[in-house]
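# Okay, sequence plus prediction incoming.
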Amino acid sequence: MKNIEMKIEGMHCEGCSKRLTKVLSNVEGVKAVEVSLENKLAKIEYDEEIAKVEDFKEAIEDAGFEVV
């Protein structure tokens, strides 16, 4: 398992962070997700043989947020 932290822009409320948590959790290979509205940060634990960083970026952008 591998861990990554991604800085996120565009979250304005707790609903945004919950939605992003759900979106990232649905990416194949993701084991755990923690999204912090205050820190504008997503921490993702994933199987690097299944999921790639580009998968997370695409999911985040498709949900209406921006990776910084």
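Sure, I can see it.

# Can you name the next helix or strand after the longest helix seen in the chain?
Of all the segments assigned as helix in the chain under DSSP state H, the longest by residue count is helix 14-25. The first helix or strand that comes after helix 14-25 along the chain, using DSSP states H and E, is strand 30-36.

# How about residues contacting that next one?
Strand 30-36 is touched from outside by 1, 8, 11, 17-18, 20-21, 24-25, 41-47, 51, with contacts defined as CB atoms under 8 Å, 6 or more residues apart in numbering. C-beta coordinates here come from the backbone N, C-alpha and C atoms, glycine included.

# just the buried members of the residues you listed?
For these, a burial check counting by 16 or more other CB atoms under 10 Å picks out 8, 11, 17, 20, 24, 41-42, 44, 46, 51.

# so how far is residue 31 from residue 40?
Distance of residue 40 to residue 31, given as CB to CB, to the nearest Å: 22 Å.

# Then residue 10?
On the measure of CB to CB, residue 10 and residue 31 end up 25 Å apart.

# Kindly report the same for residue 50.
For residue 50, the distance to residue 31 under the criterion CB to CB works out to 10 Å.

# Tell me the helices and strands packed up against the longest helix of the chain.
Packed against helix 14-25, as judged by 3 or more CB pairs under 8 Å, 6 or more residues apart in numbering; DSSP states H and E, are the following elements: strand 30-36, strand 41-46, helix 53-62.
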